[in-house]
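Peer 1: My questions concern the predicted model and sequence given below.
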Amino acid sequence: MELSDQIAQYLLSGLSTGAIYALIGIGFAIIYNSTDIINFAQGELVMLGGMFTLFFMEKMKLPLPVSILLAVLATIGCGALFERLTIRPLKSPTPLGLIIITIGGSILIRGIVMLVWDKDTHSLPAFSGSEPILIGSATILPQHLWIFALTAVAIAANKLFFQYTITGKAMRACAVNRRAAGLVGIDVRRMVFFSFAISGGLGSLAGIIVAPLTMTSYDVGVMLGLKGFCAAIIGGLTGGVGTVLGGLLLGILESLGAGLISSGYKDAIAFIILLLILFIRPQGLFGRAQTDRV
Amino acid sequence: MRKLQLVVAFIIGLLLSTPVLAAESIRIGALFAITGPASFLGEPERNTLEMLVKEANGKGGIKGRKLELVVYDTQGDATKAVQLATKLIKNDKVSVIVGPSTTGETMAVIPVAEKEKTPLISCAAGIKITEPVKKYVFKTPANDHVAAERIFNYMLAKKQKSVALLTVTDGFGSSGREQLKELAKKKGISVVVDETYGPKDTDMTAQLTKIKGSKAEAIICWGTNPGPAIITRNVKQLGIRIPLYQSHGVASKKYIELAGADNAEGVILPAGKLAIYDKLKHGDPQYKLLKEYDQAYKKAYGIEASTFGGYAYDSFLLISEAIKSGASKPEQIRDSLEKVKKMVSVSGTFSMSSSDHNGLDLSAFEMVKISKGDWEIAK
């Protein structure tokens, strides 16, 4: 295998892992853009998607498409319930308090899943076979194409929703200024509720579509969530193209780092980038400064 | 008054007669990580030990001595393990301790066992436990380097002279990596690529692409699920044709299930014999015992016996050998344990000595190949 062939494979591998990070990152961005909080339980919503699908398929013996649909609905329910039980009852919600609540929530969800299901790793069948696809001298799996497609759909839907629907606009208004949004008649709490439901749905879709590759278990959300968060930060928490580019960049750098330098530094590379961006460009590589987002 | 005299006489009689009626029972202490992150070890260990003690007592004990089992849950926590070990020795006055389940806990408990002169039979695999030899410490799982040596011997038989290592960055992987590198040097095999991956990583194609571009004639992966299963899929995806060896850490059907039978086809690994006993020749000295253990465990708990429970089985068998030779006090049991020779058990055939407190040799593992989603003995 020539070096150029190797680099082609590194790039393709990086793009495919990067797309996973991006998809999870978008979930972070949606909640941030409508509530101004970082939902650290996002990784757990991703995990729930995979675990629910598994449950419906193996325990209820339902076909894969039906299981996926039910799993997405169930996770939307979990996201909504999470908001009702933890975010809404708060008397004076400060962003910091809310963020800490989401961390607590993530530990709780992990614990419940571990007790209700089990501690084993499980795998889901690939949607359309696992025969590798050759692109030049590099290979990817059909499942990666599903991930790319879902990512593209997610960006487009996200854009349409937040730019052109009343609810989407109202949600953005809440992020800019809660009080002002309330004054013009937007039900802020309702918008927060929506954002948790939407990101629950998107997170579960991400979790389901990556499960055939990464497998799933009660604690799979921790690392995936953290990498998704990195992607969102690199992209400036913009919810659209920025986060996707952030995810892809992260994936490619990890893969090139592992291949050309050493795999021991793979995670270090990701987190060094995260720290550098937080220090130097807190608005993200692709984000504009805070005041422009009105 | 007369009544009282009768009662007193009766009690005195009772006290005097007990030692005549039955010999005092022998107390066995056990420390297992029954809950917590290492519960996959502790649970089958406790189940196995409870099953065996019940069975032995049902048959009237060993050499007429009943056994009494005291089990504590360490939750995989080294501090708790030390406290509970002290409790077993001081309060429960046990003659011997089985466990703990993990290497970290065992290392913490060793000073207690040594100081109180109570034999400890650990169910953890770390090489540090019995090397260097400690007077009161024994262990039943085979050392990792025994598995590594089986792989290298197999490679040499197939004339494979260079290898790529892909190990996980946890305790199991990094200790495996050191031992693989050291052993490769001894065996004259060159390590051309030495890569690692994180226990939670989801894609290893980058490391494998590097291996594909190297001159390695084989890959050795050292880790526990799910990493090795993902690597097996990635190897297939990249179309890598050199043989893939896995460690004994994935010698269970779960690995084949996670990797997918198609992807795992042809993967070779050293396996403890319990996982593959139905494939062994019937002349194998362990065959009968493994079959009985598996069936008894299935009957009692409804699931297949695991290698980990086997470690507790070994410990029990070692203790019963010692009791059979007349030992009952901690000091006597320690001396008898050291004299156990050619004892056939689950993990292998044990031959202890004053310089070897593990007592297993290369026959503890069998090289197996995965074919059509099942094991077959690799030739």
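Peer 2: Noted; the coordinates are in hand.

Peer 1: what number of residues lie near A:I100?
Peer 2: When neighbours are counted by other Cβ atoms under 10 Å in any protein chain shown, A:I100 registers 13. Placement of C-beta: from N, CA and C, glycine included.

Peer 1: what's the answer for A:G18, then?
Peer 2: Counted with other Cβ under 10 Å, A:G18 comes out at 28.

Peer 1: what about it, helix or strand, and which?
Peer 2: Using DSSP states H and E, A:G18 maps to helix A:3-35.

Peer 1: ok, then the element right after that helix?
Peer 2: Next along from helix A:3-35, by DSSP H and E: helix A:42-54.

Peer 1: tell me which strands and helices that next one is in contact with?
Peer 2: helix A:3-35, helix A:64-82, helix A:95-116, helix A:188-214, helix A:220-234 (3 or more Cβ pairs under 8 Å, 6 or more residues apart in numbering or on different chains; DSSP states H and E).

Peer 1: so for it, what's the average pLDDT?
Peer 2: The pLDDT scores in helix A:42-54 average 94.

Peer 1: so that helix versus helix A:220-234, what angle?
Peer 2: 130 degrees (axes from the mean of the first three to the mean of the last three Cα atoms, to 10 degrees).

Peer 1: so helix A:42-54 versus helix A:188-214, what angle?
Peer 2: Going by the same axes, to 10 degrees, helix A:42-54 makes 60 degrees with helix A:188-214.

Peer 1: Distance check, the closest residue to chain B within the stretch 101-250 of chain A against B:A142.
Peer 2: Across the stretch 101-250 of chain A, no residue is closer to chain B than A:T214, which sits at 3.6 Å (Cβ to the nearest Cβ). Using Cβ to Cβ, to the nearest Å, A:T214 is found at 32 Å from B:A142.

Peer 1: ok, back up a step: how about the contacts made by the residue of the stretch 101-250 of chain A closest to chain B?
Peer 2: Listed by Cβ atoms under 8 Å, 6 or more residues apart in numbering or on different chains, the contact set of A:T214 reads A:20, A:220, A:224, B:202-203, B:230.

Peer 1: could you redo the last one with a cut-off of 7 Å?
Peer 2: Residues near A:T214 by Cβ atoms under 7 Å, 6 or more residues apart in numbering or on different chains: A:220, B:202.

Peer 1: Over to B:A148?
Peer 2: With Cβ under 7 Å, 6+ apart, B:A148 has these contacts: B:179-180, B:183.

Peer 1: so what's the residue lying closest to A:I198 once chain neighbours are set aside up against?
Peer 2: What sits nearest to A:I198 in space, not counting adjacent residues and going by Cβ to Cβ, 6 or more residues apart in numbering or on different chains, is A:I30, at 5.8 Å. Shown in contact with A:I30 (Cβ under 7 Å, 6+ apart): A:158, A:195, A:198-199, A:202, A:239.

Peer 1: Then A:I99?
Peer 2: Per Cβ under 7 Å, 6+ apart, neighbours of A:I99: A:37-38, A:40.

Peer 1: B:A300: which of those is nearest?
Peer 2: A:F40 (43.0 Å; Cβ to Cβ).

Peer 1: circling back: can I get the helices and strands packed on helix A:42-54 in a markdown table including distance to B:L52 and mean pLDDT?
Peer 2: Output for the helices and strands packed on helix A:42-54, formatted as a markdown table (distance: least, Cβ to Cβ, whole Å; pLDDT from 0 to 100):
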| stretch | distance to B:L52 | mean pLDDT |
| --- | --- | --- |
| helix A:3-35 | 47 | 88 |
| helix A:64-82 | 42 | 94 |
| helix A:95-116 | 29 | 89 |
| helix A:188-214 | 40 | 90 |
| helix A:220-234 | 37 | 89 |
